[in-house]
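**Student:** Task: produce atomic coordinates for the following.
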Amino acid sequence: MTVLSAVTVFVAAVAPGVIDSGSPLALARLPIECLLALVALILLPWRWARRAVAILAAVLLVAAAILATLDRVFLTTVGRPFDVVAGWSELGDGYGVVSDSAGSLGALVLLVLVGLLVVAAVVAIAASLLHLARVLGRRRRASLIGASALTAGWLVLALVGAQLVAGEPVAAADSVGAAASTVHQVEVAARDRAVFDRSAASDPYSRLPASDLLTGLKGKDVMVVFVESYGQVAVQDTSFAPGVDAVLRRGDTELAAHGYAERSAFLTSSTFGGISWLAHSTLQTGLWIDSQQKYDQVTTTTRFTLSDAFRKAGWQTLSDVPSDTRPWPIGSSFYHFGKQLNAQNVGYRGPTFSYARVPDQYTWAYLQKHELGVAHTPLMAEIDLVSSHTPWTPLPRLVPWDAVGDGSVYDPQPAEGLPPSVVWQSPQHVQQLYGQSIEYTMGALFSFLTTFDDPNLVLVVLGDHQPATVVSGIGANHQVPISIISKDRAVIDRIGSWNWQPGMLPSPSAPVWRMDAFRDRFLAAYGP
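**Tutor:** Got it, this is the predicted structure:
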């Protein structure tokens with residue numbers, strides 16, 4: 001029992017380093033938390049105080065392991081550590097993705113198991129600490145001498161910076177480090193908030209009269225189309241890029257035959273692997289919104305967005321977010337969209353495709369039938385295409401446009417693909433299906449444009465972020481393709497000074513802008 005207790009406490013103390021490094025060598029460390037907790041328990045004369053200290057120490061050790069796990073997961077998926085200040089809401093969104101991929105019951109069972117595991121870990125660590133304290137308390141003097149010697153050894157190791165695994169000192173203090181990191185994040189968040197407030201306060205475009213806004217697009221229907229996870233890796237230097245590139249080149253040919261022209265480049269997204277709303281708000285506001293804190297901050301202000309500019313200039317505005325199942329409050333309170341479409345109000349009666357509740361082709365078909373193909377005043381819409389959202393399986397296939405109907409035509413398609421639990425056993429398979437998802441989404445876009453052939457339509461088509469690390473690879477940049485498509489040559493000529501490249505496939509030498517630069521350059525290009 002004593003050996004088991006010692007192992008339990010030791011592993012709990014060094015677990016954050018093992019999780020962080022991914023190396024079992026991180027077990028070969030001396031955790032100061034164990035020594036401090038045991039000394040405190042030996043010296044305390046009151047049983048209730050010992051229990052309280054043991055429980056507190058257990059909670060801190062488990063919390064440090066949880067934070068290390070969250071950091072590892074967030075680094076793998078969105079390319080940054082977990083934000084302890086404003087990132088908690090992102091866990092709910094992550095749970096939604098798991099639920100859509102594994103089913104509501106599977107996600108609930110997983111959540112319950114995690115909760116039980118956390119409680120069991122706290123109980124086991126606290127009980128182990130109390131048991132060790134009782135054993136060591138029988139030889140109190142010897143135990144304190146031993147603890148002093150180990151503490152001295154820990155200090156020597158800390159001073160020389162000994163490491164067996166890069167970034168993981170042998171003199172371990174993971175829980176202390178987690179607490180210090182949390183305090184640092186809070187301090188940084190406070191400074192960032194002040195800086196962000198100052199940058200958001202200055203916006204000359206918000207003061208322009210309606211007559212000076214977007215005059216170069218008068219009479220046009222303008223669609224800002226975010227393609228989920230459409231990153232640079234989709235079109236360059238990956239095993240799946242040739243398939244996507246072939247679809248884009250074929251699309252160039254088809255669009256040219258129908259009189260369209262396109263210009264393309266790259267934007268550096270403010271997010272990576274997920275949290276798409278950070279990219280959407282960055283493009284719309286002209287501010288660099290790379291954290292949930294900044295997003296929450298800006299969406300409570302009156303910052304002038306692209307949708308505000310179009311609305312002020314006389315366009316009706318619309319958002320279509322097929323992943324939503326309920327009204328989007330920020331869509332009306334901040335972006336001021338006149339109409340909001342989601343999975344529940346577009347008449348879709350077909351199957352879901354994991355996270356993607358509505359196939360992209362259906363999104364286009366609904367917009368054509370109910371918005372673009374009927375008499376209307378000029379429309380500005382932000383459209384989210386979600387068929388290329390993780391887990392990228394199963395994927396829909398294109399059907400004849402006159403067969404789309406209420407979406408029930410897609411009923412057999414999910415069963416034709418593999419479930420995420422099978423696909424995600426192989427990174428190569430995940431990458432292959434990611435590429436196919438982009439091929440589908442872009443193919444649906446080209447088919448829509450050439451089938452309905454609207455001379456008044458202007459599209460801004462871009463990725464929101466690069467896909468997760470399993471697809472993009474470790475250390476991938478944040479660049480995403482962006483294209484402007486129009487049949488009106490005057491629309492394309494207005495951005496001639498941008499030096500964007502012809503076609504839908506930007507080359508490695510294409511211009512690269514930060515995503516927050518787009519709003520002002522777009523408003524300038526299409527102003528008076």
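**Student:** Please state the backbone phi and psi of the residue nearest to Glu371 when sequence neighbours are not counted?
**Tutor:** Using C-beta to C-beta, 6 or more residues apart in numbering and skipping residues adjacent in sequence, the residue nearest Glu371 is Leu379, 6.2 Å away. All C-beta spots, glycine's among them, are computed from the backbone N, C-alpha and C. According to degrees, to the nearest 10, the main-chain angles of Leu379 amount to phi -120, psi 130.
**Student:** same question, Ser319
**Tutor:** Here is the backbone geometry of Ser319 (degrees, to the nearest 10): phi -120, psi 150.
**Student:** quick one: contacts for Ala121?
**Tutor:** With contact taken as C-beta atoms under 8 Å, 6 or more residues apart in numbering, Ala121 is in contact with Ala12, Ala58, Val62, Ala65.
**Student:** whoops, Leu117 was the one
**Tutor:** Leu117 neighbours (C-beta under 8 Å, 6+ apart): none.
**Student:** Tell me the pLDDT of it.
**Tutor:** Looking at Leu117, its pLDDT is 87.
**Student:** Tell me the spacing between it and Pro31.
**Tutor:** 21 Å (C-beta to C-beta, to the nearest Å).
**Student:** ok, the nearest residue to Met380 once chain neighbours are set aside - contacts?
**Tutor:** Once flanking residues are discounted, Met380 sits nearest to Phe310: 3.7 Å by C-beta to C-beta, 6+ apart. Going by C-beta under 8 Å, 6+ apart, Phe310 touches Leu213, Leu214, Val222, Thr317, Met380.
**Student:** Now do the SS call for the last one.
**Tutor:** Reducing the assignment at Met380 to three states with DSSP: H, G, I helix; E, B strand; the rest coil gives strand.
**Student:** what's the neighbour count on the closest residue to Ser276 other than its chain neighbours?
**Tutor:** Leaving aside its sequence neighbours, Ser276 sits nearest to Asp464 (C-beta to C-beta, 6+ apart; 4.3 Å). If you count neighbours by other C-beta atoms under 10 Å, Asp464 ends up with 29.
**Student:** next one: the one 10 residues further on
**Tutor:** The number of residues packed around Ile474, counting by other C-beta under 10 Å, is 9.
**Student:** secondary structure element for it?
**Tutor:** Following DSSP states H and E, one finds Ile474 outside all helices and strands.
**Student:** again, but for Val109
**Tutor:** Secondary structure (DSSP H and E) places Val109 in helix 104-137.
**Student:** So which bits of that helix are buried?
**Tutor:** 107, 121-122, 124-133, 136 (16 or more other C-beta atoms under 10 Å).
**Student:** again, but for stretch 372-386
**Tutor:** Buried residues in stretch 372-386 (16+ other C-beta under 10 Å): Leu372, Pro378, Leu379, Met380, Ala381, Glu382, Ile383, Asp384, Leu385, Val386.
**Student:** what are the ranges of the strands in this protein?
**Tutor:** Taking DSSP state E as the test, the strands found in the chain are 30-31, 163-165, 168-169, 171-172, 221-227, 261-268, 316-321, 339-342, 379-385, 457-463, 479-486, 501-502, 512-514.
**Student:** close enough to count as contact, Gly311 and Thr317?
**Tutor:** Not quite, residue 311 is Arg, not Gly. Yes: using C-beta atoms under 8 Å, Arg311 is in contact with Thr317, at 5.0 Å.
**Student:** These two: which is more packed in?
**Tutor:** Comparing Arg311 with Thr317 by other C-beta under 10 Å, the one with more neighbours is Thr317, at 23 against 19.
**Student:** wait, doesn't the more buried one sit right on Gly338?
**Tutor:** Yes: Thr317 is within contact range of Gly338, at 4.9 Å (criterion: C-beta under 8 Å).
**Student:** Mutual contacts of the two, please.
**Tutor:** Both Thr317 and Gly338 are in contact with Arg311, where contact means C-beta under 8 Å, 6+ apart.
**Student:** who touches Val458 in this structure?
**Tutor:** Here Val458 is in contact with Leu217, Lys220, Asp221, Val222, Met223, Ile484, Ile485, Ser486, Asp488, Val491 (criterion: C-beta under 8 Å, 6+ apart).
**Student:** mind checking how far the last one is from Ala210?
**Tutor:** Read that as Val491. 20 Å.
**Student:** Who has more neighbours out of these two?
**Tutor:** Using other C-beta under 10 Å as the criterion, Val491 and Ala210 rank with Val491 on top: 20 against 12.
**Student:** what does the model give the nearest residue to Gln466 once chain neighbours are set aside for pLDDT?
**Tutor:** Excluding the flanking residues, the one nearest Gln466 by C-beta to C-beta, 6+ apart is Gly231, at 3.2 Å. We have a pLDDT of 95 for Gly231.
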